[in-house]
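A.B. asks: Turn this into a structure:
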Amino acid sequence: MSAAFITATGTECGKTYLACGLAAALRRRGLKVAVSKPVISGFRRDDCAGSDPALLLAACGEAPSLDAIARISPWQFEEPLSPDMAARRCGKRIDFGAVVDHCRSRLAESGDMLLIEGIGGLMVPFDESHTVVDLIAALAIPSILVGGTYLGALSHILSAHAIFLSRALPLAAVVLNETEGASVPVDETRRSLAHFCGDVPLVRVPRRAAAENTEDFDEVATRLLSLCGG
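C.D. replies: The predicted structure follows:
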């Protein structure tokens with residue numbers, strides 16, 4: 001199974017929005033898509049209908065039951081904090097090796113494309129010595145970096161891009177998810193980023209209420225399939 005890791009410059013940048021739209025675009029091409037968000041915080045079992053895992057499952061045409069959510073998101077924490085903090089709040093510690101093994105087991109399943117969504121930003125810690133980027137490196141799969149278009153986004157995106165370069169990690173695309181009410185023109189943001197991002201595609205995705213508009217995600221899907229040899 002081919003796979004991609006969806007990460008971001010920070011929280012609330014649109015990882016799930018992008019993953020759902022990308023899943024729909026890939027399915028429209030006839031591909032069987034699977035999803036995973038191994039660690040989630042701010043999750044309430046009694047009110048999970050609008051949670052990230054539920055949205056991811058629905059985008060793949062699967063009913064988001066609690067069992068299905070537990071299958072793609074085994075590490076669930078109620079406190080809306082970074083994974084290490086959320087785990088400490090309930091007297092637990094995340095086993096980073098187990099997270100890697102879970103993702104690899106999902107990769108071994110049948111299907112065409114696995115989309116793994118990270119938690120928070122690229123450098124969010126799982127424990128005392130591992131962050132999201134360490135999971136990306138361990139899995140050795142292409143990533144899609146999601147960033148906003150707010151004032152200050154340039155520095156956040158380029159800092160994350162520099163981490164990818166320093167670790168020699170494959171980056172399929174940088175997705176500019178339009179920030180509502182941003183004072184900075186999206187095209188200007190893309191023009192500035194182009195000077196530093198080399199051959200990495202800079203894709204603009206309009207912020208919408210639903211991800212059924214799969215044409216908005218086709219460019220990301222095409223780039224990802226090309227990188228995966230599809």
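
A.B. asks: where along the protein do the helices fall?
C.D. replies: Using DSSP state H, the helices of the chain run over 15-28, 52-59, 66-72, 83-89, 96-107, 132-139, 153-167, 186-194, 218-227.

A.B. asks: Out of the ones you listed, point me to the one whose mean pLDDT is lowest.
C.D. replies: Here the lowest mean pLDDT among those goes to helix 218-227, at a mean of 84.

A.B. asks: tell me what it is packed against?
C.D. replies: In terms of contacts (3 or more CB pairs under 8 Å, 6 or more residues apart in numbering; DSSP states H and E), helix 218-227 is packed against helix 15-28, strand 171-177, strand 202-205. The C-beta positions use only the backbone N, C-alpha and C, and glycine is treated the same way.

A.B. asks: Compile the helices of the chain into a markdown table and extend it with columns for mean neighbour count and distance to Arg207.
C.D. replies: Formatted as a markdown table, the helices of the chain follow (neighbours: other CB atoms under 10 Å; distance: least, CB to CB, whole Å):
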| stretch | mean neighbour count | distance to Arg207 |
| --- | --- | --- |
| helix 15-28 | 24 | 8 |
| helix 52-59 | 23 | 15 |
| helix 66-72 | 16 | 25 |
| helix 83-89 | 19 | 26 |
| helix 96-107 | 16 | 28 |
| helix 132-139 | 20 | 23 |
| helix 153-167 | 17 | 13 |
| helix 186-194 | 15 | 10 |
| helix 218-227 | 19 | 15 |
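
A.B. asks: For Pro206, which of those helices is the nearest?
C.D. replies: Closest to Pro206 of the helices of the chain, according to CB to CB: helix 186-194, at 9.1 Å.

A.B. asks: picking up where we left off before, now the helices and strands packed on helix 218-227 as TSV including distance to Arg93?
C.D. replies: Formatted as TSV, those follow (distance: least, CB to CB, whole Å):
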stretch	distance to Arg93
helix 15-28	24
strand 171-177	30
strand 202-205	36
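
A.B. asks: Against Gly121, how distant is Ser82?
C.D. replies: Relative to Gly121, Ser82 is positioned 9 Å away (CB to CB, to the nearest Å).

A.B. asks: Between the two, which has more neighbouring residues?
C.D. replies: Gly121 (24 against 21; other CB atoms under 10 Å).

A.B. asks: Per-residue confidence at the more buried one, what does it come out as?
C.D. replies: According to the prediction, Gly121 has pLDDT 96.

A.B. asks: Correct me if wrong: it contacts Thr11.
C.D. replies: Yes: here Gly121 reaches Thr11: they are 6.4 Å apart, a contact under CB atoms under 8 Å.

A.B. asks: Any idea what Ala34 is bridged to?
C.D. replies: Ala34 has these beta-bridge partners by DSSP bridges: Leu114.
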